[in-house]
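In: Kindly return the folded structure for what I paste below:
(one chain, ligands or ions: 2)
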Amino acid sequence: MNLVVVGATGRTGSEIVAEASGRGHDVVGVATTSDTVEDVRVYPSEDLPELLDDADAVVDFTVPEATREYAGVIAEAGVPYVVGTTGFGEAGIETLRAASESIAVLKASNFARGVQALLRVVEAGVEALPDYDVELTETHHSGKRDAPSGTANTILDVVDSTREAALERTHGREGEHSREDSEVGVHVRRAGTVRGEHELLLAGNDELLTLTHRAESRRVFAAGAVDAAEWLTGQEPGWYGFDDVL
Ligand SMILES: NC(=O)C1=CN([C@@H]2O[C@H](COP(=O)(O)OP(=O)(O)OC[C@H]3O[C@@H](n4cnc5c(N)ncnc54)[C@H](O)[C@@H]3O)[C@@H](O)[C@H]2O)C=CC1
Ligand SMILES: O=C(O)C1=N[C@H](C(=O)O)C[C@H](O)C1
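Out: Numbers count the residues shown, from 1 in each chain. Ligands and ions are numbered 1, 2, ... in the order given. Down below sits the predicted model:
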């Protein structure tokens, strides 16, 4: 497969370049400036339209502004599009949804297989313990831009859909007021080189249940993203998630 990795010089993109090259794919990179990663040539972003002529799939781990800018040109070129970037507002999601009318778009906030399993376990835990308090804590490296993480938002969406109610997301706490039953606490930590940890706490009835996923290296995201690109090349235009691949 001819694969274009947008964000190829980044923390995650460079791992994706290594993973895809290691599987024998022909990889080119795109980033803000030209470079080389793992002997793979990285082109500046203005070269993207030309690189799409020979591409079988694009994988994008950048920033929401870049993804929004490139979605149109990738859709015009008719190339399947795997999006790992997080931190979109509603307008960003709309742009990707519009692209999915003409190409296959697979967007996931986390390409670790363990997180897909965690989402199923969260659903089961919340269903079994409907009255328990729910608190979410996520920890990432100090360079992460968006907060809460995309995965945290996905977990909270699963809690809401399981409870069939939108809990009020309380981001950290200070001052003097006790917890309301209608809220879910969301706690974000940024420190060092942590690859990504998510913990959901369910508490009530004198007991605690904690559900935790910890990524130990970015290779887990890279492997999932390349699995997704390999799978997506055979799909019809539409909107897909990582659970469709597994
Ligand atoms: N879905 C998942 O499993 C995962 C998602 N992510 C997400 O991926 C994104 C990137 O994270 P990191 O690799 O830590 O970031 P990073 O800051 O290390 O790398 C960003 C990359 O994007 C490129 N870039 C930035 N603006 C660009 C533009 N306008 N045009 C072309 N390239 C541009 C940079 O040159 C760099 O190569 C974040 O949104 C993060 O949350 C990260 C890990 C796993
Ligand atoms: O920026 C990161 O590093 C990560 N971002 C994703 C997110 O926002 O959930 C996935 C993973 O946790 C690593």
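In: what helix or strand is the residue of the chain found nearest ligand 1 on?
Out: Of all residues in the chain, the one sitting closest to ligand 1 is residue 10 (2.1 Å; C-beta to the nearest ligand atom). C-beta: built from backbone N, CA, C; applies to glycine. Residue 10 is part of no helix or strand when elements are defined by DSSP states H and E.
In: so how many other residues sit close to it?
Out: The burial count assigned to residue 10 is 21, neighbours taken as other C-beta atoms under 10 Å.
In: what's the answer for the one 5 residues further on, then?
Out: For residue 15, the tally of surrounding residues (other C-beta under 10 Å) stands at 23.
In: sec struct for it, please.
Out: At residue 15, secondary structure determined by DSSP: H, G, I helix; E, B strand; the rest coil is helix.
In: my guess is the residue of the chain closest to ligand 1 contacts residue 32, does it?
Out: No: with the criterion set as C-beta atoms under 8 Å, residue 10 and residue 32 do not qualify as a contacting pair; they are 9.7 Å apart.
In: how close does the residue of the chain closest to ligand 1 get to residue 143?
Out: Summarising the geometry, the distance separating residue 10 from residue 143, computed by C-beta to C-beta, to the nearest Å, is 10 Å.
In: cool, residue 62 as well?
Out: When C-beta to C-beta is the yardstick, residue 62 and residue 143 sit 14 Å from each other.
In: Neighbour count: these two, which is higher?
Out: Neighbour totals were compared for residue 62 and residue 143, and residue 62 leads with 23 against 9 (other C-beta under 10 Å).
In: Nearest spatial neighbour of the residue of the chain closest to ligand 1, chain-adjacent residues omitted?
Out: Here the nearest residue to residue 10 in space, its sequence neighbours aside, is residue 61; by C-beta to C-beta, 6 or more residues apart in numbering that works out to 6.0 Å.
In: Can you list phi and psi of that neighbour for me?
Out: For residue 61, the backbone dihedrals (degrees, to the nearest 10) come out as phi -130, psi 80.
In: give the contact list for it.
Out: Contact analysis of residue 61 by C-beta atoms under 8 Å, 6 or more residues apart in numbering lists 5, 6, 7, 10, 12, 13, 16, 84, 85, 225.
In: Reformat those residues as TSV; add pLDDT.
Out: As requested, the contacts of residue 61 are arranged in TSV below (pLDDT from 0 to 100):
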residue	pLDDT
5	98
6	98
7	98
10	98
12	98
13	98
16	98
84	98
85	98
225	98
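In: out of the residues you listed, which are inside helices?
Out: With helices taken from DSSP state H, the overlap with these comprises 13, 16, 225.
In: The second one against residue 226, yeah?
Out: Yes: in this structure residue 16 lies within contact range of residue 226 using C-beta under 8 Å: 6.5 Å.
In: So for those two, which residues contact both of them?
Out: The overlap between the contact sets of residue 16 and residue 226 (C-beta under 8 Å, 6+ apart) consists of residue 59.
In: on that earlier part again, what's the spacing between the residue of the chain closest to ligand 1 and residue 212?
Out: Shown here: residue 10 relative to residue 212, a distance of 26 Å by C-beta to C-beta.
In: Show the contacting residues for the closest residue to residue 142 other than its chain neighbours.
Out: Nearest-residue entry for residue 142: residue 190, 5.2 Å, with adjacent residues in sequence omitted and distances by C-beta to C-beta, 6+ apart. With contacts defined as C-beta under 8 Å, 6+ apart, residue 190 is in contact with 139, 140, 141, 142, 144, 147.
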